[in-house]
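J.: My questions are about this predicted structure, shown below with the sequence.
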Number of protein chains: 2
Amino acid sequence: MELYTPEYFMNEALKQAQMAFEDGEIPVGAVVVCRNRIIARAYNQTERLKDVTAHAEILAITAASGSLGAKYLTECELYVTLEPCIMCAGAGFWSQMGAVHYGASDPKRGFSRLAEPILHPKTKVSNGLLAKEAKDLIDRFFLKLRK
Amino acid sequence: MELYTPEYFMNEALKQAQMAFEDGEIPVGAVVVCRNRIIARAYNQTERLKDVTAHAEILAITAASGSLGAKYLTECELYVTLEPCIMCAGAGFWSQMGAVHYGASDPKRGFSRLAEPILHPKTKVSNGLLAKEAKDLIDRFFLKLRK
């Protein structure tokens, strides 16, 4: 896999999701890329931290801002394996994230089910990259949970 | 002011907002109440932490969960001086907060401008408590900022 392609970055997000899986967390992972460099990596830690706000995207946005020492992430791109929820899309709005790329869609909890736009009007959005891999991991997680 | 009334709790949230004001932050404060006891207090720290996710409500929810050692806050009530934004209402949803009481309305960024409900269906909502005091503080903040 060539470096610095969207596939590479999404695969790095997927590696984070795999770490969540191994940790017993709903497997969602995210990275934030700024000028072709990954400045933050995070995965869902709601169980470990006992904190519903500890979604991969929130942790990644906080880490990216910490890395840059800046609140606004207009030059950054968020890669996340699952469609962000409304909370995370709201965080994306405030950060003025340059782009949000998500893998699998989340028809039940994803932000795009709302009629109104949640993300910042300047934020570019794409989806579907490594979606099957992201969804398979989540399906495996819930299958294992039910056993 | 008598203890353990909604006015008392909202006034405690207002004290947090005043601390935000003194810190040069947009003055919004929050407390989380569980069985008539304040288990978390927080104010907006987006500037200090250079983190757009550091809204009073997010910090208060994280602190409340830490205090209880539990992800879900079904027995808790959030008092916040300003209407929560979409991100914070989304966090309220995930926490299954028992009730959300907000002071001043935020027609531009508040969650209630959306057609769809964001909070959990079981979450009780009220607004208007100490709204004038909350709004006055915010108005004073922006007036000072513009000077």
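T.: Right, received. Where do you want to start? Everything numeric in this text was worked out from a predicted model, so none of it was measured.

J.: Only C-alpha atoms from now on, for both contacts and neighbour counts.
T.: Fine.

J.: So which residues on chain A come close to chain B?
T.: Within chain A, the positions near chain B by Cα under 8 Å from any Cα of the partner chain are A:46-47, A:49-53, A:58, A:61-62, A:65-66, A:69-72, A:85-91, A:94-95, A:114-116, A:118.

J.: mind listing which of those are in helices?
T.: Mapping those onto helices (DSSP state H) picks out A:58, A:61-62, A:65-66, A:86-91, A:94-95.

J.: Out of the residues you listed, who's the most crowded?
T.: Most neighbours among those, by other Cα atoms under 10 Å in any protein chain shown: A:I61, with 31 neighbours.

J.: A:E7 versus that one, what's the distance?
T.: 20 Å (Cα to Cα, to the nearest Å).

J.: three-state assignment of the residue most central in space within chain A?
T.: Taking Cα atoms, centre = their mean as the criterion, A:V80 is the residue nearest the geometric centre of chain A, at 2.7 Å. Counting by DSSP: H, G, I helix; E, B strand; the rest coil, the backbone at A:V80 sits in strand.

J.: The nearest residue to it once chain neighbours are set aside: what's it in contact with?
T.: Nearest non-adjacent residue to A:V80, counting by Cα to Cα, 6 or more residues apart in numbering or on different chains: A:A30, 4.2 Å away. By Cα atoms under 8 Å, 6 or more residues apart in numbering or on different chains, A:A30 lies in contact with A:10, A:12-14, A:16-17, A:41-43, A:56-57, A:60, A:78-81.

J.: what about 7 Å?
T.: For A:A30, the contacting residues are A:13, A:16, A:41-43, A:56-57, A:60, A:78-81, by Cα atoms under 7 Å, 6 or more residues apart in numbering or on different chains.

J.: most neighbours, which of those?
T.: Among the contacts of A:A30, A:T81 has the most neighbours (other Cα under 10 Å), with 38 neighbours.

J.: Good, wrapping up.
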